[in-house]
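[1] Pasting a predicted model and its sequence here:
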Amino acid sequence: HVQLQESGPGLVKSSQTISLTCTVSGETITTDQYFWTWIRQPPWKGLEWIGDINVRGNTFYSPSLESRASISRDTSKNQFTLHLTSVTPEDTAVYFCASGLLRQFTYWGQGTQVTVSS
C-alpha cells in the first residue's frame, strides 16, 4: 500500500520560494511506469496539475508554472521535492503529492496548506 506525506513550511512570504517534500512509503520512486506528481488546489478553485517526475528522472511541468517550478528526487530517501520560486499570494493553495501508474493518481498525500503572505 503506497503512502505519501507532504512536508514543508505552511507560510511563505511573497517573492520567496515554496519548498515541499513528499516522503513515499510502500513503493520506491524508481518503480517502472510510475509518475510522482505535485498538484495544488487554490481556495475555491479546482485542482491544478503542477508537474511530475518519472522513473528515469525526467520532469514535466504545467506550461503556466514551468518557468517557476522545479521537481527533483532523492532516491536514497525515497522522496521527491517541489520548488516554486517567486511566489505571490496567488500561489496560496493546498499542495498535494500524488502517484500512480501512468499518471492515474491512484495514491494521494493528505495535502498541506501553504499560504503566501503579501
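    Done, it's in.

[2] so what's the most centrally placed residue in the chain closest to, chain neighbours aside?
    By CA atoms, centre = their mean, the mean C-alpha position of the chain lies nearest to Trp38, the distance being 2.7 Å. Excluding the flanking residues, the one nearest Trp38 by CB to CB, 6 or more residues apart in numbering is Ile50, at 4.2 Å. To be clear about C-beta, it is placed using only N, CA and C from the backbone, and glycine gets the same treatment.

[3] Please read off the pLDDT at the one you found from the model.
    In this model, Ile50 is scored at 98, pLDDT.

[4] One more: Ile18?
    So, for Ile18, pLDDT stands at 98.

[5] For it, give its distance to Ser118.
    As judged by CB to CB, to the nearest Å, Ile18 and Ser118 stand 15 Å apart.

[6] cool, and Thr75?
    To Ser118, Thr75 is 37 Å away according to CB to CB.

[7] Kindly report the same for Arg40.
    The value you get for Arg40 to Ser118, if CB to CB is used, is 18 Å.

[8] what about the two, which has more around it?
    Neighbours per residue, other CB atoms under 10 Å: of Arg40 and Ser118, the larger number sits with Arg40, 24 against 8.

[9] So in terms of bridging, what pairs with the more buried one?
    Glu48, Tyr95 (DSSP bridges).

[10] which residues of this structure fall in strands?
    3-7, 11-13, 18-25, 34-41, 48-54, 59-61, 69-74, 79-84, 93-101, 107-108, 112-117 (DSSP state E).

[11] most tightly surrounded among the ones you listed?
    Of all the strands of the chain, strand 34-41 has the most neighbours on average by mean count of other CB atoms under 10 Å, namely a mean of 23.

[12] For that strand, C-alpha coordinates in CSV please.
    Taking Å, rounded to 0.1, in the frame of the first residue of the first chain, the C-alpha atoms of strand 34-41 are listed here in CSV:
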residue,chain,number,x,y,z
TYR,A,34,5.0,5.4,-12.1
PHE,A,35,4.8,9.2,-12.1
TRP,A,36,5.4,11.2,-9.0
THR,A,37,3.3,14.3,-9.1
TRP,A,38,2.6,17.6,-7.5
ILE,A,39,-1.0,19.0,-7.6
ARG,A,40,-2.5,22.1,-5.9
GLN,A,41,-5.9,23.4,-5.1
